Each structure stands twice: as structure tokens, then as C-alpha cells.
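Undergrad: build me a model:
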Amino acid sequence: MSGIVIAAYGDVGYRCTQWLLDAGEAVRLVYTHPDDPKETRWFGSVAELAQQRGIPVLLVESLDEPAEAERVRVLSPEFLFSFYFRRMIPATVVSIPTRGALNVHGSLLPAFRGRSPVNWAILKGATETGASLHYMTDKPDAGDLVDQERVPIGPDDDALTVARRVGDAAVTVLSRSWPKLKAGTAPRTPLDLSKGSYFGGRKPEDGAIDWFRPAKEVHDLVRAVAPPWPGAFTDVFGPKVTVLKTRLAGYGGHDTFPGKVEPTEGSVIVYAGDDRPVEILSAQPEGQPPMDAVQFRIWLLRRG
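TA: Residues are numbered from 1 along each chain as shown. Modelled structure (predicted):
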């Protein structure tokens, strides 16, 4: 046999799988993850897409079981693609495709290798990111680069905005590279990992705001984990409040200290460690619906 085996999840997984199917390519099998009920799925379902197109689909956590290597071996695919699959594909599977096993990663490799690349890029104040298509090896996001596409990160862009751009970039990279991969003319450029960076996964508790950090770092954290991610949170208002959207609000103040809360005419500001105020544009106190700046100010003043 021949054709393609895909392991995919998320927006990039859905859109890249959809592109190959729309192009009429022979997809023999799709692996994807079961949805986590604790997460908000804002993207299309890879499982539903495969089922609608009549493609065999398996819901798995990983491809580590020997039975999966044997399953892929029987299919003898030419290509294996990993599109935002959350677990590394084991070498026993990567070695099977006759023409290559490739991964799409949501950054400009070798920068932001590892987990949650869009979130980390925003958190670290990056002004651009993108999507990279590369060959898989036994190290995460480390194989030879085929192509990449850049996208901007604006100073107030949140993770969802950037993730959608990365999805666009992923489809661009795949569609641009696929004819070359089939023809055997796609470039392979080794990555210099010494010039890159690697980050691990993030947990909801990592969203705790440290008001001793500079205001821009607080703003970047809020952007990086804004919904549909779990959100940045703080207790400086009393009960736990998830801060949904912020704005950097000038410099200076009188008798300021990190975490000082100050209602203004139409909103609320909190001072960070560099004495710069962060304006709260949207927030959600625990047990309450999301509030805009004015509603949140009223809620805070009513609490006394």
C-alpha cells in the first residue's frame, strides 16, 4: 500500500488534515486524541472530519503501543504527518514511512520548541512567530526544516488571535511544500538548536499573576493565557479574579506598590513592580459572569 497516515489534533491538526483531504490525497488512517472535558475546544474535530470523509480514525493518547507501529507498518505509507499531535511519535513509527515522517510546529523553529509554543511566544514578549514543517527525529521539534511561514504578534494580541494566524501559516506551509515533498525536491535544512529555545507544557496554576513583575510581563501573561485557555488570575481584589484583558496604562503614580488597586473614572488599575499601572479591561470574579471594565469597577466598589 501507500498514501498518508496522519496524527493530528487542534486547529492546526484539523485544518492541515482538511487541506490534504480536500486535495484528494490518499489518507489511509487518522489518529487523534479524545477531547479533554476540562478543556474548551475552540477548533474543529479531527475525529468528526475523518468520519465525515470515510477515513478510518482512532482515538488514542499516544502511538507508543507496539500494536500501533504494527498497524502503520501494515499500511506501509509513503508519508506520516503529525499536525499538533500532543505526544511525540515513537521512533518505531517514525521509521516506517517510505518517504518521510514530518511534523508541523507552531513556531519559527528552532525558537520555542516544545509545548504550547504560541502561549510561550506571547508570554516571552515575542513580536512574531509562525509555523514550521520539519522532519521528525528522536528529539522534539529538532529535525531538518522544510519550510516555515512567519506571522506577526501585536502588542495586544491574545493567544487565540495568534493561534488562528498560526493555523493559517500551517496551511500555507503545507500547501507550499506538499508538491515538493511528492516530487522529492523539498529542501532539508538542519536546525541549529543552540540558537533556539525549548519550553515545557503549562498548567492552569501557572496563570497566577505576580504583581512584583514589570507591567508588560503582567500584560503578556494575561494575553498568553486568555480564554479559551484557563486565564491569568489574582487575589488582590479579595476573591479570586480571572483577568481576561488588560492594557498598559502609562507610567507612574503616587505612593504606589506592587498589587495596589486603584479605581479610576471608568475602570480599575493595578500597579506592577515597575510602578507602571495595568488597566483591567475585562475580568471575571469567581462565581460571576465575565465583566467589562465599567462593570468590574462597579463590582469592586460595591464590595467596599
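Undergrad: how about the closest residue to Thr129 other than its chain neighbours, secondary structure?
TA: Among residues not flanking Thr129 along the chain, Ala121 sits closest, at 4.4 Å (Cβ to Cβ, 6 or more residues apart in numbering). Any C-beta I mention is one placed from the backbone N, CA and C, and that applies to glycine too. Look at Ala121: counting by DSSP: H, G, I helix; E, B strand; the rest coil, its state is helix.
Undergrad: now the strands: where do they sit in the stretch 51-200 of the chain?
TA: 57-59, 79-83, 100-105, 113-114, 128-135, 145-152, 198-199 (DSSP state E, counting those that start in this stretch).
Undergrad: tell me which of those lies nearest to Ile4.
TA: Ile4 lies closest to strand 79-83 among the strands of the stretch 51-200 of the chain, at 4.9 Å (Cβ to Cβ).
Undergrad: okay, domains of this protein per the record?
TA: Domains of the chain are assigned by the TED database as 3-199, 205-302.
Undergrad: first-to-last residue distance for the longest one?
TA: Distance between the boundary residues of domain 3-199 (Cα to Cα, to the nearest Å) amounts to 33 Å.
Undergrad: now it: mean pLDDT?
TA: Averaging pLDDT along domain 3-199 gives 98.
Undergrad: could you do stretch 243-252 as well?
TA: Across stretch 243-252, pLDDT averages out at 90.
Undergrad: list of residues touching it?
TA: 156, 158, 209, 215-216, 218-219, 222-223, 226-227, 231-234, 269, 275-284, 290 (Cβ atoms under 8 Å, 6 or more residues apart in numbering).
Undergrad: hmm, back to that, show me the contacts for the residue nearest to Thr129.
TA: Contacts of Ala121 by Cβ under 8 Å, 6+ apart are Ser107, Ala111, Phe112, Thr129, Ile153, Val162.
Undergrad: mind doing that once more with 10 Å?
TA: 106-108, 111-112, 127-130, 153, 159, 162, 166, 197, 199, 220, 224 (Cβ atoms under 10 Å, 6 or more residues apart in numbering).
Undergrad: neighbours of the closest residue to Thr172 other than its chain neighbours, how many?
TA: Here the nearest residue to Thr172 in space, its sequence neighbours aside, is Glu149; by Cβ to Cβ, 6+ apart that works out to 4.8 Å. Using other Cβ atoms under 10 Å as the criterion, Glu149 is surrounded by 19 other residues.
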